[in-house]
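>>> below are the sequence and a predicted model for it; my questions follow.
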Amino acid sequence: MAKINFGGVTEEVVTREEFPLAKAQDTLKEETIAIIGYGVQGPGQALNLRDNGFNVIIGQRKESKTWDKAVSDGWVPGETLFEIEEACEKGTIIQYLLSDAGQISLWPTVKKHLTAGKALYFSHGFGITYKERTGIVPPEDIDVILVAPKGSGTSLRRMFLEGRGLNSSYAIFQDATGKAKDRVVSLGIGVGSGYLFPTDFKKEVYSDLTGERGTLMGAIQGIFAAQYDVLRANGHSPSEAFNETVEELTQSLMPLVAENGMDWMYANCSTTAQRGALDWWKKFRDASKPVFEELYKEVAAGNEAQRSIDSNSKSDYREKLEVELKELRDSEMWQAGSEVRKLRPENN
Ligand SMILES: NC(=O)C1=CN([C@@H]2O[C@H](COP(=O)(O)OP(=O)(O)OC[C@H]3O[C@@H](n4cnc5c(N)ncnc54)[C@H](O)[C@@H]3O)[C@@H](O)[C@H]2O)C=CC1
Ligand SMILES: CC(=O)[C@](C)(O)C(=O)O
Ligand SMILES: [Mg+2]
Ligand SMILES: [Mg+2]
């Protein structure tokens, strides 16, 4: 593994140079990879693996929208597309990509087919780390591994098609065959990761749950809403408030951060903006840090996991989520956003 110095801390990273696709293909040439679940990660990982030349089958409930989606993606019923149980029986590597709550209800079915020497693969440390809550305790004679792409399955697929890649973390919970490392790295390369960062199941799920509730999804919406509301309360129009809160960030400034870091983005803004941003960022850090500390504690205590299990195990969880997403979509800020997006010059 390559040793890389990340801001003063040396870490190991698996690179595609040391583990090329050909080696991954060779490692897994006798394996049948069964992708269980065709939601967001399922299609992204399955299609990338198929395009990369691996033997892939899908396990999905018949009579579901996602079964039809799998068919339209070229999976053939009876050949490469099966009911979940049949796919589990056929697979030597089971990629368990149902929702974290779905994994709990299907576990008794999946477990039956985890015979000696197979590998059980997750894209989240959830099921294993919170085993007291999920009941997911794998048999001892199989490998238990994880590849967690650091992004949406939609991005994983799009970036693969663009010839880019989305990096992943990987972990080994159980190495029964002595082949777990080669299997997990090969799968990581196969699903389209360029580089693979080692972790363990617990660190993966704690950081992932914190990140998505925090800056990646929860905190960002919170901070957008707070600034938008203050601008509106002070008489600014919706378009002005949206432009100064979201549109400029996503269209102009975040690409600069992605390219070369925060100081680079700052340096490409006015000296007026730089002065103010350098003065104010610490105030925002100090105001939000207690919330992040509370969040991490809730994650580590398992309370966040439990909330997600409870709500996503209900039979109408999709409808309920959709109601809340609609609330966001219908809020003035995001309605304004919808109009602002149409006015992007490239959309004309
Ligand atoms: N969404 C994403 O891009 C990412 C997801 N992950 C992880 O990957 C795994 C899969 O996540 P997603 O693709 O988001 O899942 P999802 O929420 O889209 O669900 C996947 C599939 O599970 C099915 N399902 C749910 N409950 C079921 C049940 N009780 N019985 C049978 N099928 C059921 C759904 O119909 C869907 O086809 C999870 O562990 C998640 O944490 C990791 C990185 C990113
Ligand atoms: C896309 C991703 O990595 C998330 C936000 O952690 C998730 O979908 O669970
Ligand atoms: Mg994640
Ligand atoms: Mg997540």
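Looks like it arrived, so ask away. Ligands and ions are numbered 1, 2, ... in the order given.
>>> any idea which helix or strand comes after the strand or helix carrying Lys326?
Secondary structure assignment for Lys326, by DSSP states H and E: helix 317-330. Downstream of helix 317-330, the first helix or strand assigned by DSSP H and E is helix 332-342.
>>> hmm, who's touching that following helix?
Outside of helix 332-342, the residues within contact range by C-beta atoms under 8 Å, 6 or more residues apart in numbering are 224-225, 228, 232, 238-239, 241-243, 245-247, 328-329, 347. The way it works is simple: take the backbone N, C-alpha and C, and place the C-beta from them, glycine included.
>>> the helix holding Lys326 packs against which elements?
Counting contacts by 3 or more C-beta pairs under 8 Å, 6 or more residues apart in numbering; DSSP states H and E, helix 317-330 packs against helix 332-342.
>>> how distant is the helix it packs on from the center of its chain?
Distance, stretch centre to chain centre, for helix 332-342: 26 Å (C-alpha atoms, centre = their mean, to the nearest Å).
>>> which one of the residues in the protein is closest to ligand 1?
Ranked by C-beta to the nearest ligand atom, the top residue of the chain for proximity to ligand 1 is Gly39, at 2.0 Å.
>>> sketch out the low-pLDDT regions of the stretch 1-150 of the chain for me.
For the stretch 1-150 of the chain, no stretch is flagged by pLDDT under 70.
>>> if you set the cut-off to 90 instead, what comes out?
Residue ranges of the stretch 1-150 of the chain with pLDDT under 90: 1, 16-18.
>>> could you pull out the strands for it?
Ranges of strands within the stretch 1-150 of the chain are 2-6, 9-15, 33-36, 56-59, 81-82, 93-96, 119-122, 143-149, based on DSSP state E, counting those that start in this stretch.
>>> who touches the last one?
The set of residues external to strand 143-149 that reach it, using C-beta under 8 Å, 6+ apart, is 41, 44-45, 118-125, 128, 138, 156, 166-177, 179-180, 183-184, 187-188, 191-193, 196, 199, 201, 204, 208.
>>> that older thread, show the buried residues in the contacts of helix 332-342.
224, 228, 232, 238, 241-243, 245-247 (16 or more other C-beta atoms under 10 Å).
>>> quick one: least confident of the contacts of helix 332-342?
Ranked by pLDDT, the contacts of helix 332-342 bottom out at Asn347 (87).
>>> show me what contacts that one?
Counting by C-beta under 8 Å, 6+ apart, Asn347 touches Arg341.
>>> could you number the chain from 673 rather than 1 from now on?
With the count now opening at 673, the last piece we talked about shows up as Asn1019.
>>> and for the residue of the chain closest to ligand 1, the neighbour number?
Gly711 has 15 neighbouring residues, counting by other C-beta atoms under 10 Å.
>>> and Gln893, by the same measure?
Here the count is done by other C-beta under 10 Å, and Gln893 has 14 residues near it.
>>> surely it is in contact with Leu1000?
Yes. Contact status for Gln893 versus Leu1000: in contact at 7.4 Å, counting by C-beta atoms under 8 Å.
>>> and the residue of the stretch 723-872 of the chain nearest ligand 2?
Residue nearest to ligand 2 within the stretch 723-872 of the chain (C-beta to the nearest ligand atom): Ser824, separated by 4.3 Å.
>>> OK, contacts around the nearest residue to that residue once chain neighbours are set aside?
Among residues not flanking Ser824 along the chain, Val712 sits closest, at 6.3 Å (C-beta to C-beta, 6 or more residues apart in numbering). By C-beta under 8 Å, 6+ apart, Val712 lies in contact with 824-826.
>>> how near is Val712 to Asn724?
Val712 sits 19 Å away from Asn724, going by C-beta to C-beta, to the nearest Å.
>>> now Tyr842, what's its secondary structure?
Put simply, Tyr842 is strand when judged by DSSP: H, G, I helix; E, B strand; the rest coil.
>>> cheers, nothing more for now.
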